[in-house]
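In: Using only what follows, build the 3D model:
(one chain, ligands or ions: 1)
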Amino acid sequence: MRVIVLGAGVVGVTTAFYLSRLGCDVMVVDQASEVGDGASFANAGQLSYTFTDALAKPEFLARIPGLILGRDQGVDVKLSPGLIAWGSRFVAQCTHGQAKANTIAMLKTAMRSAELLTELRERLPFDFWHREAGKLVILSTEGEVEAARANLDVKREHGCDAELLTRDQALAVEPALERMRGDIAGAVYSKSDEVADSQLFTAGLRDMLEADGSVEFRLSSRAQKLVKADGRLRGVVVDGDTLEADAFVVCMGAWSHELLRTVGINPNIFPVRGYSLTLPPGDAAPMVSVTALRHRMVYSRLNGLVRIAGFADFRGFDTSADKKRSELLLNLARGYAPDAAEYDADDPKPWGGFRPMTPSGQPHVGPTKIPGLFLNTGHGMLGWTLACATSHDAAQAVTSVH
Ligand SMILES: Cc1cc2nc3c(=O)[nH]c(=O)nc-3n(C[C@H](O)[C@H](O)[C@H](O)COP(=O)(O)OP(=O)(O)OC[C@H]3O[C@@H](n4cnc5c(N)ncnc54)[C@H](O)[C@@H]3O)c2cc1C
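Out: Numbers count the residues shown, from 1 in each chain. Take a look at the predicted model:
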């Protein structure tokens, strides 16, 4: 069975891996000259198996006017018809019931992903800076501690092993946070969360699949249009050539909408820009992954380096504010954790990526209404965490239909 995977981010290449292991003849197409060049390039690297909380929740509604008025430094909003349409679906997800259902669904997928990556790691002949780092989510107020307690009670019923720590317990887990003591009211600690570099994983997987001849990569090639005939998907136009296959899997992250609309499908994916910096460690660089919830920043220790990531900008594909946003991220990160990194390093490796966000936060995985067309896209803030499980499921869906 011949399958074309569209998009060579961590999701597309992992999908190609599972398809090839199920005996498919696979081609991966991407417009970039290297794999993992989109959102998968320099994300925070957190395999956040237990922190799968939906962004869309009742508390978020009260924050929306302030976000639109620019009162949160971590969120930059540029209103557009596309954002208003997406935003109204997002608002519909902001109920207690939906927030809980979305969080639990993501938790279950994330826990399966952890098992699959553990299995896979033993078979991969390359290093991708994987480490069992553990993760602390810092809570700054008593209100946040109480909300986290209620949330953990629900997640624990579904197998989540995270625990609520006092300030002193959190500092015992990560002494490097001592200077932030005043900002810590408590923390959620998950021993089982990990870190690894998703671009190295994607590139290593590509080399392995190319070397064993199981997957062909057609890079620097743009997918322009999907082609339907006789009621099913028959082809994709790539740089003017029509490529045919038995099945197609769209894994184009934030760009999926552009291609899917050529066959009348709207996946409701909005690009949400985030930024990262990669710096040498400072005198008190945490070893544990740290999420400073209130400041919308995370700190990860990857192969000795400190990667700081954060912000959620709703400006469509506009990148004109990148320089300003990266500078702000650097300043806020320095203000919050002055000794975590060498903030004055010559090259802080500023980077921006588009998270492919659905209103519910859950990705689209599996068949569409068009026979032969499958999706594995819309992973939002957790694409690296969820990649193994959703790619495994997408590959199963493709092969079980035929
Ligand atoms: C700042 C930041 C921090 C993050 N931190 C984490 C984290 O710690 N943990 C976590 O789990 N997730 C994290 N994420 C989210 C994660 O990075 C994404 O969910 C994930 O990378 C999405 O992967 P993808 O393969 O779906 O998309 P992408 O990696 O964006 O891949 C899409 C691909 O489609 C290609 N493409 C686009 N248009 C076309 C076309 N017309 N033809 C051919 N190819 C095309 C692109 O070139 C690209 O390679 C973070 C994201 C950001 C921005």
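In: In the longest helix seen in the chain, which residues are buried?
Out: When secondary structure is assigned using DSSP state H, the longest helix within the chain turns out to be helix 96-121. Judged by neighbour count using 16 or more other C-beta atoms under 10 Å, the buried positions of helix 96-121 are 98-100, 102-107, 109-114, 116-117, 120. All C-beta spots, glycine's among them, are computed from the backbone N, C-alpha and C.
In: is the ligand contacted by it?
Out: No. Applying C-beta under 6 Å from any ligand atom, one finds helix 96-121 separated from the ligand by no less than 8.6 Å.
In: what helices or strands is that helix leaning on?
Out: Where contact means 3 or more C-beta pairs under 8 Å, 6 or more residues apart in numbering; DSSP states H and E, helix 96-121 is packed against strand 46-47, helix 142-156, helix 383-401.
In: Next, format those as a markdown table and append mean neighbour count, distance to the ligand and mean pLDDT.
Out: Conversion of these to a markdown table gives the following (neighbours: other C-beta atoms under 10 Å; distance: least, C-beta to the nearest ligand atom, whole Å; pLDDT from 0 to 100):
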| stretch | mean neighbour count | distance to the ligand | mean pLDDT |
| --- | --- | --- | --- |
| strand 46-47 | 27 | 3 | 98 |
| helix 142-156 | 15 | 17 | 94 |
| helix 383-401 | 23 | 2 | 97 |
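In: Would you format the ones you listed as CSV with distance to Trp86 included?
Out: Written out in CSV, the entries for those read as follows (distance: least, C-beta to C-beta, whole Å):
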stretch, distance to Trp86
strand 46-47, 25
helix 142-156, 25
helix 383-401, 18
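In: Going C-terminal from the longest helix of the chain, what's the next secondary structure element?
Out: Moving toward the C-terminus from helix 96-121, the first helix or strand encountered (DSSP states H and E) is strand 135-139.
In: on contacts alone, who are the packing partners of that following strand?
Out: Contact here means 3+ C-beta pairs under 8 Å, 6+ apart; on that basis strand 135-139 packs against helix 142-156, helix 167-173, strand 186-190, strand 289-292.
In: Give the ranges of residues in the stretch 301-402 of the chain that sit below the confidence cut-off.
Out: Per-residue confidence for the stretch 301-402 of the chain (pLDDT under 70) gives these ranges: 402.
In: residues from it in reach of the ligand?
Out: Ala309, Gly353, Arg355, Pro356, Thr377, His379, Gly380, Met381, Leu382, Gly383, Trp384, Thr385.
In: Which two among the residues you listed are spaced furthest apart?
Out: Ala309 and Thr377 (20.9 Å; C-beta to C-beta).
In: who's more crowded, these two?
Out: Between Ala309 and Thr377, counted using other C-beta atoms under 10 Å, Thr377 has the larger neighbour count: 32 against 24.
In: Show me what the more buried one is bridged to.
Out: According to DSSP bridges, the residues that bridge with Thr377 are His364.
In: and it, what does it touch?
Out: With C-beta atoms under 8 Å, 6 or more residues apart in numbering as the criterion, the residues that contact Thr377 are Gly7, Val11, Val250, Cys251, Met252, Gly253, Ser256, Pro267, Ile269, Pro356, Pro363, His364.
In: What separation do you get for the third one and the ligand?
Out: With distances taken as C-beta to the nearest ligand atom, to the nearest Å, Val250 is found 9 Å from the ligand.
In: Going forward, count from 66.
Out: All set: I'll call the first residue 66, so the last point we hit is now Val315.
In: Contacts only, for the nearest residue to Thr464 once chain neighbours are set aside.
Out: Across the structure, with C-beta to C-beta, 6 or more residues apart in numbering as the measure, the residue nearest Thr464 apart from its sequence neighbours is Leu87 (4.8 Å). Counting by C-beta under 8 Å, 6+ apart, Leu87 makes contact with Ala460, Gln461, Val463, Thr464.
In: Let me know whether Cys159 touches Lys122 as I believe.
Out: Yes. Between Cys159 and Lys122 a contact is recorded at 5.9 Å, counting by C-beta atoms under 8 Å.
In: what's the helix or strand for Leu342?
Out: With secondary structure defined by DSSP H and E, Leu342 is part of strand 335-344.
In: For Ile203, name its beta-bridge partners.
Out: Under the criterion used (DSSP bridges), Ile203 bridges to Ala252, Ala357.
In: how many neighbours does it have?
Out: Around Ile203 sit 24 other residues, with neighbours defined as other C-beta under 10 Å.
In: pretty sure it contacts Arg246?
Out: No. In this structure, Ile203 is not within contact of Arg246 by C-beta under 8 Å, at 10.8 Å.
In: how about Tyr114, secondary structure?
Out: On the three-state scheme (DSSP: H, G, I helix; E, B strand; the rest coil), Tyr114 is labelled coil.
In: Now for Phe335: which residues touch it?
Out: Residues Gly147, Leu148, Trp151, Ala319, Phe379, Met422 are the ones in contact with Phe335 under the rule C-beta under 8 Å, 6+ apart.
In: hmm, which of the residues you listed are the buried ones?
Out: The neighbour-count test (16+ other C-beta under 10 Å) applied to the contacts of Phe335 identifies Leu148, Trp151, Ala319, Phe379, Met422 as buried.
In: May I ask which two of those are separated the most?
Out: Comparing all pairs in the buried ones among the contacts of Phe335 by C-beta to C-beta, the longest separation belongs to Leu148 and Ala319, at 13.3 Å.
In: Can you report how many residues lie near Arg154?
Out: Considering only other C-beta under 10 Å, Arg154 is surrounded by 14 other residues.
In: do the same with the one 3 residues further on
Out: With neighbours defined by other C-beta under 10 Å, the count for Ala157 comes to 12.
In: From Pro332, how far out is it?
Out: Relative to Pro332, Ala157 is positioned 16 Å away (criterion: C-beta to C-beta, to the nearest Å).
In: Please apply the same query to Ile249.
Out: Distance, Ile249 to Pro332, by C-beta to C-beta: 39 Å.
In: And Ser425, by the same measure?
Out: Using C-beta to C-beta, we find Ser425 at a distance of 12 Å from Pro332.
In: Neighbour count for these two, which is higher?
Out: When neighbours are counted by other C-beta under 10 Å, Ser425 and Pro332 differ, and Ser425 comes out ahead with 23 against 19.
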